[in-house]
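Q: Using only what follows, build the 3D model:
(one chain, ligands or ions: 1)
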Amino acid sequence: MRTISELSSLARRVALVTGAGGHIGRAIGDALAEMGAGLILLDRDEESCRESEREISRSRGVSVRSVIADLERMDDRGIVAEIEKISGRLDILVNCAAFVGTASLEGWNAPFAEQSAETWRRAVEVNLTAPFVLSRSLASMLSESGHGSIINLSSIYGVCAPDLSIYEGTDMHNPAAYAASKAGLLQFTRWLSTVLAPRVRVNAITPGGVERGQPRPFIDRYAARTPMRRMAREEDMKGAAVFLASDLSAYVTGQNIVVDGGWSVW
Ligand SMILES: NC(=O)c1ccc[n+]([C@@H]2O[C@H](COP(=O)([O-])OP(=O)(O)OC[C@H]3O[C@@H](n4cnc5c(N)ncnc54)[C@H](O)[C@@H]3O)[C@@H](O)[C@H]2O)c1
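A: The predicted structure follows:
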């Protein structure tokens, strides 16, 4: 029987992490690298992606490479060709990139009546269509790995409806497209888990809201509504990511690990 440190080792495995220039993508990339995985980081934002590459390769001493690509205009063949060139193999795919919009984008961070169909389509393209296309294009490489694992990043808003009272008095809103695309990603996770079994496992992580400069009243109300009495931190996602990426979860597929401080239990 293998030990926990053997089961959790990602030595000689390669992970592609999308959205790796972002907060959670960088934390997950760092955690997988700490366990020995080589990394291919993908983001459309070159500066933040290269920063993740520098930071992780400096601290973890594993091979880290970047692929700069926009998943809204996906060239999946180009991405597969890049991976073939960089590592010639892929063991782990983390679909973490997401359309999170900006406050200034029309029809996104707005009351329901003002949310636009165009922004809805863009969000679905990045949050749902991109994981579908990438999983399909990389399935044979993941299958050949012998340890293939896909991890999809959903959201608590893909599981629960928003409690709008915590937004009162702020300029924050809750986009319907984000919720619907993240809920769709959870069902795609279950669907794909049976289709790619037994060669590739497919699971999801559902983070609760991460504290990141939101207005104080929002943070306080969010914490009060959460059994663990705080918002999430990026590092809270590391354990679930290592578990699902490694042989620690060799008999786990089609599941969703909800890392929300208990938000969804009441
Ligand atoms: N932050 C939260 O509170 C929270 C809560 C629940 C779920 N999540 C999920 O966790 C994941 C990571 O979130 P985060 O907080 O790190 O966000 P973030 O904005 O810090 O990172 C997202 C990254 O995705 C990249 N990206 C966006 N669109 C892209 C595209 N078209 N092509 C390529 N890259 C693209 C961005 O450049 C960015 O680096 C997302 O899937 C998000 O939905 C976050």
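
Q: Now do Ala103, the pLDDT please.
A: Ala103 carries a pLDDT score of 64 in this model.

Q: Next: Leu196.
A: At Leu196, pLDDT is 98.

Q: before we move on, what about Glu125?
A: Reported pLDDT for Glu125: 97.

Q: That one: what's it in contact with?
A: Leu71, Glu72, Phe99 (C-beta atoms under 8 Å, 6 or more residues apart in numbering). C-beta: built from backbone N, CA, C; applies to glycine.

Q: 6 Å instead, please
A: Glu72 (C-beta atoms under 6 Å, 6 or more residues apart in numbering).

Q: Same question for Gly158.
A: Per C-beta under 6 Å, 6+ apart, neighbours of Gly158: Lys182, Ala183, Leu186.

Q: Export these to JSON lines and append columns for neighbour count and distance to the ligand.
A: What follows is the contacts of Gly158, written out as JSON lines (neighbours: other C-beta atoms under 10 Å; distance: C-beta to the nearest ligand atom, whole Å):
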{"residue": "Lys182", "neighbour count": "23", "distance to the ligand": "6"}
{"residue": "Ala183", "neighbour count": "17", "distance to the ligand": "12"}
{"residue": "Leu186", "neighbour count": "17", "distance to the ligand": "12"}
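
Q: which ones are touching Phe243?
A: Ser249.

Q: Check whether the host helix or strand of it comes into contact with the ligand.
A: Element membership for Phe243, per DSSP states H and E: helix 238-245. No - Helix 238-245 stays clear of the ligand (C-beta under 6 Å from any ligand atom), getting no nearer than 11.0 Å.

Q: What about the residue nearest to Gly261 when sequence neighbours are not counted, how many residues nearby?
A: Sequence neighbours aside, Met228 is the residue nearest to Gly261 in space, at 3.4 Å (criterion: C-beta to C-beta, 6 or more residues apart in numbering). For Met228, the count of nearby residues is 13 (other C-beta atoms under 10 Å).

Q: can I assume Met228 sits in a helix?
A: No - under DSSP: H, G, I helix; E, B strand; the rest coil, Met228 falls outside any helix and is assigned coil.

Q: Next, give phi and psi for it.
A: Its backbone dihedrals place Met228 at phi -80, psi 0, with angles given as degrees, to the nearest 10.

Q: need the contact list for Asp45.
A: Contacts of Asp45 by C-beta under 6 Å, 6+ apart are Gly21.

Q: before we move on, what about the one 4 residues further on?
A: The neighbourhood of Cys49, defined by C-beta under 6 Å, 6+ apart, consists of Ala20, Gly21, Leu41, Asp43, Ser66.

Q: and if you look at Trp263?
A: Ile156, Gly208, Thr226.

Q: Model confidence for the closest residue to the ligand within the stretch 1-150 of the chain, exactly?
A: As assessed by C-beta to the nearest ligand atom, the ligand sits closest to Gly22 within the stretch 1-150 of the chain, at 1.9 Å. At Gly22, the pLDDT value in this model is 97.

Q: all helices for this structure, in order.
A: Under the criterion DSSP state H, the chain contains helices at 4-8, 23-34, 46-60, 76-86, 117-124, 130-145, 176-196, 216-224, 238-245.

Q: just the angle between the third one and helix 23-34, please?
A: Spelled out, that is helix 46-60. For helix 46-60 against helix 23-34, the angle by axes from the mean of the first three to the mean of the last three C-alpha atoms, to 10 degrees is 30 degrees.
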